[in-house]
Every structure is written in structure tokens, then in C-alpha cells.
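Engineer: kindly generate the corresponding structure for this input.
(one chain, ligands or ions: 1)
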Amino acid sequence: MSNTFQVDLRGIVDLLSHHLYASPRVYVRELLQNAVDAITATGSAADGQVQITTGEDELRITDNGVGLTEAQVHELLATIGRSSKRDELGFARHEFLGQFGIGLLSCFLVADEIHVHTRRAGAEPVRWIGYSDGRYEVRPGEEREPGTSVTLLPRRGAEHLLSGTTVRELATLYGSLLPVTVEVDGERVTADAVPWESGRAALYAYAEKVFGFVPFDIVELDVPQAGLKGAAFVLSTPVNPATRGGHRVYLKRMLLAESVEGLLPEWAFFARCVVDSTELRPTASREALYDDGLLGETRDAIADQLRGWLVRLATTDPRKLGRFLTVHHLGVKALALHDDEMLSIVDQWYPMETNMGQVTLAEFRERHGLIRYAATPDEFRQLAAVAAAQDVGLVNGGYVYDSDIIERLATVDPEIRAERLEPADLATRFTGLDAEAELRLRPFLAAVQRRLDRLGCEVVIRAYEPATLPALYLVSRAAAFHDELTASRDRADDIWGGVLDALATTAPPDRPQLVLNARNPLVRRITAIGDPELAGLAVESLYGQALMLGHHPIRPADAALLTSSMLGLLDRAVPGSER
Ligand SMILES: Nc1ncnc2c1ncn2[C@@H]1O[C@H](COP(=O)(O)OP(=O)(O)OP(=O)(O)O)[C@@H](O)[C@H]1O
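Structural biologist: Got it, this is the predicted structure:
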């Protein structure tokens, strides 16, 4: 025995109201959509008129569309899931907004009765009344022009959803770009033109009004395979790339939603779009885009257009690109750690701080071959001038993400070489003195070494540029670690002190170095004075100055030394004897 499924209308309405549609307010959209489809079916949308009137007891929407015959009323209005908008094979017909045959049911979210008064040209007028409990009646209708009026009698408690203000607001929201004329209580809610066909000035005004910001720039979007046109507004203030921005999407000129995701690739966090598409498909609730192959292609095409904008900006207006990166660099760089395209944009266009000025990594590679970088701002400050004087290019990798970006570039592209420069590496580039000079300076070095021994520092003398720099304090990473340990040891109690001592003994023995510059005139004079006490005070003072220059931490012992050397020098410098 074969039977037919029975459908419980209350169950269906409950399903729609609580699970399919996010809000009962969608009923206005569904009614508008039916009216527009009925007009589309006449083939002359330009003359399409949709009038909505609101009142105490009812809401009415009238269209001059195709209307329905009595047979169609039975077949289409009274059969859930039946739609005139599919072809014989059951596929959605391209020209219509609706496709599922359930939209009208959404009216039961706000009304207990739906009255449809309709006439098809050449047929008799019909009146259909549907009740939320699943009954319906069909009777002959009063004379009327071809077209349809749908009247809703509000459910108790839902009256506010049918009020003039709410309906005007909803009709404007969903329908303002529709290609027919829509009026609510005699007031037109449809615009004369879509924003992206109204010129750039109109687009700027649109962004400000609808999105609430003046865009940094506007990129016009055109994806023919999706019948998509629109605009991307580039944000003029930084945003967190993790907060996914939504886009305003229209399908066949009807608003799908104000905050649609998935239209842009993740890296395009800096843009908000408004688009209209004739080919992209909605989900059944019409609140999101159906994620199919076409959406993927569209995303790729929009990505290309945004990338094209960035590249164009780089060639036509690099200063503007610079401004863009100033605003969005944190986001752009954060994404560059995961996204190869962003990585390449950063590589090509983002100027980084180097000891040769602000240059992009791509330019830097061109000039220096290898990307040498300092991993912290302190290391950079220590090394920048000296490295520049030696003609060693150095990037400050100390800003957020910069070192990681440099390292990732080298991982992604085997052609790119990157190397972290350590202060100690620099010492190997300094020139040693000739044997005779070494011999001559030995007593001097031995004397000053004795004074600096207790600070754990080794004094050496080398010739290097710039000659204006008298001394450098160079710490290798291992030595820096060792220094931190000693500083902690000084502060720790006995138990921890023991542990730290054990660690310290395993730390490599390379001590921080105070490298005096044999090319510096002051250093030359210091090494030549016969007075060992004065020479000692001067070197201690240079030690303090080198510490500060490199932004090294000043330990209590360093501070004490600085004070005593300064006072000692003053004592020597100020003439007169104690009274
Ligand atoms: N104003 C109208 N004029 C003419 N026919 C209409 C009108 N409103 C509804 N209909 C007919 O009733 C059918 C069912 O409408 P309903 O809104 O339930 O579904 P749909 O529009 O086909 O699809 P969807 O569920 O995607 O909105 C429509 O396919 C259409 O044939």
C-alpha cells in the first residue's frame, strides 16, 4: 500500500521560525521577493510597482505582476515546497529570487491569516485565505487589475512587526536596490541607481552612510562569471585581522545580509564590500551565501582584483601604498606569517628599518644579497652604526613579526638567504693591530683588564669604522645569558643561588668584550698616557658609555664603577687643591 506523507503545518512554521530564519522580520523580504518575481514573470520589470500599506489591523502588499489562476492558487499557494520558479527538472530558474516554495509560510511567523487576492490576465480573479492551522479556502475574488495583493492579519503580540515604521525600515533594508518601484504607505523606498554605477563620489558617500567610515580607497569589483558587480571599501583605520569583516551582499538586487562572510580571502581583512550578484546562490534561509565552487571562484577573482589594486598602487602611487601599510601593517604582517601572498606584498612593499635607511626586504636583498638582521631593537641599536661603517647592511628585525617574516621568507624561498647578526659576529670583522703595536699596548691592556675583570668583561683593542666611535660593548647571545644569570645570582637567595651557580658553570666562557677602537683619536691618546691611574679611569668611563650606547642593562656594579670613574676624572680635570 502506498501512502503520502502528511505535513503538520504548525511543525513547519515552528521549524521556520526557530530554526531556519534568524528572525520573523524576514517575512517582509519574502513578500517583496514574491512580488518582484511575479513582476519579473511579466517580462517588464521597468513598469513594476509594489505598494505596501500598513494599518492598525492589516498589512497589504500589492504588485502588478503575473497573478495566479485558480488552478495555480491550489497548486502553488497551497502546496508547501511547490514553486513556480523551478524548471521541469526541478532546478531554480535563473531569473527568479525564490526557489524553494516555502517563503510565503514565513508570513505565519507574524500572522494567523494570509489573504491573497489575485488575477492573471485573461483569467477570473481569485481569493485565497490561508490559516496558520493548515486550512485554506478558495473563492471567487472581486474584480481587479492583473496582479496580486497579499494581506496579513497580525497575530496578537506581533503587531509591532507590521507597523509602518518597521515595515518601511525592513523594505528599505532589503529592497532599496530592487529594479522595480517599491513604496511603503506612499513613500518610495527604492533608489534610482545602484551605488557602484553612480560614480566614485557617490560611492564615498555611500560608504560613509552605510558602513560608517570614509574609505581609504575604493576598488571597483567585477566578476562576470558570478554576474557580480560592486565595490570594496578599504578601511582607513587599523582592524584586527582575526575579526572577520562582513560584507553587504545583494543577490539579484535583493539584500541577502549586511554581514556576509566568505566573499573575500582571509588576508583581505582591510576591505568591506558591497556587491550584487546574479549567479551566487543563497542558503535556504537567505541569510548566507551557499559555499559552492562558484563562490570559491568569485573569492579568487576578488582576491586578484584587490591584489591588483595593491600592485597598481605600488607603481602609480607608492606613497599611498606606504600610507596603507602604515595603517594596516600589523594585520598585513600577521597574515604574512601564514599567507604567501601577503608575505610577498610585505617583501616587495613594506619598508623596514635598516642601518641604510628604510628599505623593503626585496630592495635590501638586491643590494646586499643576504638579509642580515638583528633580532631585537637593542641589538640593532648596538650594531647599526658600526655595521654601516663596515658596509654591512643590517635590518632591524626587532619590530613585531619582522624577524619571523624574514625567517619565513627564507623558508618559503630557498633562493633567499637570511642570517641573524650577533654582536659577537661583528668583532670578527674588525682589524687586529700589527704585532709591534700589540706588543707596545700589552702593559696598558693588562692594567685596564685588571680593573674590568671584576665586571666579567674582556678588554680588547681593534681598528674599526666609524673612527668617531671610541668603544663598543659586544655581548654574544651566550654571554648575554651568562650575564643575566650572574645578575640573578646576585639577587637570589642561597637555594636558588646554588642552582644558578650550577647553570653558570655550564654557560660558555665567551665573555662580553669591550672593544676599544684603535682608530679613535681619544683612544689613541688614552693608550699613550704614561699615567696608569688616569688611563684606567678613562677606560672605565668608556666602558660605561659603551654600555649606555648599546642599551645594555646597568648592574649595580656598573653603576658604582660609572660613578667612581666619573668622580675620579672630575677630580683630575678640575684645577686647584683641597683647602
Ligand atoms: N505575489 C505573487 N504573485 C504571483 N505568484 C505568487 C505570489 N506570491 C507567491 N506566488 C506563487 O506562490 C509560490 C510559492 O511562493 P513561496 O514564497 O512560498 O515560494 P517561492 O517564492 O517559490 O520560493 P522561496 O521559498 O525561495 O521564496 C510561488 O512560486 C509563486 O508561484
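Engineer: from here on, contacts and neighbour counts on C-alpha atoms
Structural biologist: Noted.
Engineer: does residue 299 count as helix, strand or coil?
Structural biologist: Following DSSP: H, G, I helix; E, B strand; the rest coil, residue 299 is assigned to helix.
Engineer: quick one: it from residue 233, how far?
Structural biologist: Distance from residue 299 to residue 233, counting by C-alpha to C-alpha, to the nearest Å: 16 Å.
Engineer: same drill for those two, tell me which one is more crowded.
Structural biologist: Regarding residue 299 and residue 233, a neighbour count based on other C-alpha atoms under 10 Å identifies residue 233 as having more, with 23 against 18.
Engineer: what helix or strand does that one sit in?
Structural biologist: strand 228-234 (DSSP states H and E).
Engineer: just checking: what are the partner strands of the helix or strand that that strand is followed by?
Structural biologist: For strand 228-234, the following helix or strand on the C-terminal side (DSSP H and E) is strand 247-251. Taking DSSP bridges as the criterion, strand 247-251 forms sheet pairs with strand 254-260 (antiparallel), strand 271-277 (parallel).
Engineer: wait, what's in contact with the residue of the stretch 201-350 of the chain found nearest the ligand?
Structural biologist: Residue of the stretch 201-350 of the chain nearest the ligand, by C-alpha to the nearest ligand atom: residue 284 (7.1 Å). By C-alpha atoms under 8 Å, 6 or more residues apart in numbering, residue 284 lies in contact with 20, 100.
Engineer: look up phi and psi at it.
Structural biologist: Main-chain dihedrals, residue 284, degrees, to the nearest 10: phi -60, psi -30.
Engineer: what's the pLDDT at it?
Structural biologist: Looking at residue 284, its pLDDT stands at 83.
Engineer: thinking again about what came up before, dump the strands paired with strand 247-251 to JSON lines, plus mean neighbour count and distance to the ligand.
Structural biologist: Listed next are the strands paired with strand 247-251 as JSON lines, based on neighbours: other C-alpha atoms under 10 Å; distance: least, C-alpha to the nearest ligand atom, whole Å:
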{"stretch": "strand 254-260", "mean neighbour count": "20", "distance to the ligand": "12"}
{"stretch": "strand 271-277", "mean neighbour count": "24", "distance to the ligand": "16"}
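Engineer: can you put those in a markdown table and add mean pLDDT?
Structural biologist: Shown next, in a markdown table, are the strands paired with strand 247-251 (pLDDT from 0 to 100):
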| stretch | mean pLDDT |
| --- | --- |
| strand 254-260 | 93 |
| strand 271-277 | 96 |
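Engineer: can I get these in a markdown table with distance to residue 350?
Structural biologist: What follows is the strands paired with strand 247-251, written out as a markdown table (distance: least, C-alpha to C-alpha, whole Å):
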| stretch | distance to residue 350 |
| --- | --- |
| strand 254-260 | 30 |
| strand 271-277 | 19 |
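Engineer: pLDDT weak spots in the stretch 151-300 of the chain?
Structural biologist: Along the stretch 151-300 of the chain, the model assigns pLDDT under 70 to residues 241-244.
Engineer: now the helices: where do they sit in it?
Structural biologist: 164-175, 200-206, 293-316 (DSSP state H, counting those that start in this stretch).
Engineer: point out the most buried one among those.
Structural biologist: helix 164-175 (a mean of 20; mean count of other C-alpha atoms under 10 Å).
Engineer: helix or strand right after the helix-or-strand element of the chain with minimal mean pLDDT?
Structural biologist: Of all the helices and strands that make up the chain, helix 494-506 has the lowest average by mean pLDDT, DSSP states H and E, namely a mean of 54. Next helix or strand after helix 494-506 toward the C-terminus (DSSP H and E): strand 513-517.
Engineer: centre of the chain to that next one, how far?
Structural biologist: Centroid separation between strand 513-517 and its chain, computed with C-alpha atoms, centre = their mean, to the nearest Å, is 46 Å.
Engineer: sheet partners, orientation included, of it?
Structural biologist: Applying DSSP bridges, one finds strand 513-517 paired with strand 458-462 (parallel), strand 471-474 (antiparallel).
Engineer: who's in contact with it?
Structural biologist: 457-464, 467, 469-475, 523, 543, 546.
Engineer: and it, average pLDDT?
Structural biologist: Here the average pLDDT along strand 513-517 is 91.
Engineer: check which element follows that strand along the chain.
Structural biologist: Per DSSP H and E, the helix or strand that comes after strand 513-517 is helix 521-528.
Engineer: chain center to that following helix: distance?
Structural biologist: On C-alpha atoms, centre = their mean, the centre of helix 521-528 falls 56 Å from that of its chain.
Engineer: using CSV, list the CA coordinates for that helix.
Structural biologist: Output in CSV follows, covering the C-alpha atoms of helix 521-528 (Å, rounded to 0.1, in the frame of the first residue of the first chain):
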residue,chain,number,x,y,z
PRO,A,521,91.8,59.8,18.4
LEU,A,522,90.8,59.8,22.0
VAL,A,523,91.6,56.1,22.4
ARG,A,524,95.0,56.7,20.9
ARG,A,525,95.7,59.4,23.4
ILE,A,526,94.5,57.3,26.3
THR,A,527,96.7,54.4,25.3
ALA,A,528,99.6,56.8,25.1
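Engineer: after it comes which helix or strand?
Structural biologist: helix 532-549.
Engineer: export that next one as PDB, just CAs?
Structural biologist: The C-alpha coordinates for helix 532-549 follow below in PDB (Å, rounded to 0.1, in the frame of the first residue of the first chain):
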ATOM      1  CA  PRO A 532      98.100  54.200  34.500                       C
ATOM      2  CA  GLU A 533      95.600  55.600  37.000                       C
ATOM      3  CA  LEU A 534      94.300  58.200  34.600                       C
ATOM      4  CA  ALA A 535      94.200  55.600  31.700                       C
ATOM      5  CA  GLY A 536      92.300  53.200  34.000                       C
ATOM      6  CA  LEU A 537      89.700  55.900  34.900                       C
ATOM      7  CA  ALA A 538      89.300  56.800  31.200                       C
ATOM      8  CA  VAL A 539      88.700  53.200  30.100                       C
ATOM      9  CA  GLU A 540      86.200  52.700  32.900                       C
ATOM     10  CA  SER A 541      84.400  55.700  31.700                       C
ATOM     11  CA  LEU A 542      84.400  54.400  28.100                       C
ATOM     12  CA  TYR A 543      83.000  51.100  29.400                       C
ATOM     13  CA  GLY A 544      80.100  53.000  31.000                       C
ATOM     14  CA  GLN A 545      79.500  55.000  27.800                       C
ATOM     15  CA  ALA A 546      79.600  51.800  25.600                       C
ATOM     16  CA  LEU A 547      77.100  50.100  27.900                       C
ATOM     17  CA  MET A 548      74.700  53.000  27.600                       C
ATOM     18  CA  LEU A 549      75.200  53.300  23.800                       C
END
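Engineer: distance from it to the middle of the chain?
Structural biologist: The chain centroid and the centroid of helix 532-549 are separated by 50 Å, computed with C-alpha atoms, centre = their mean.
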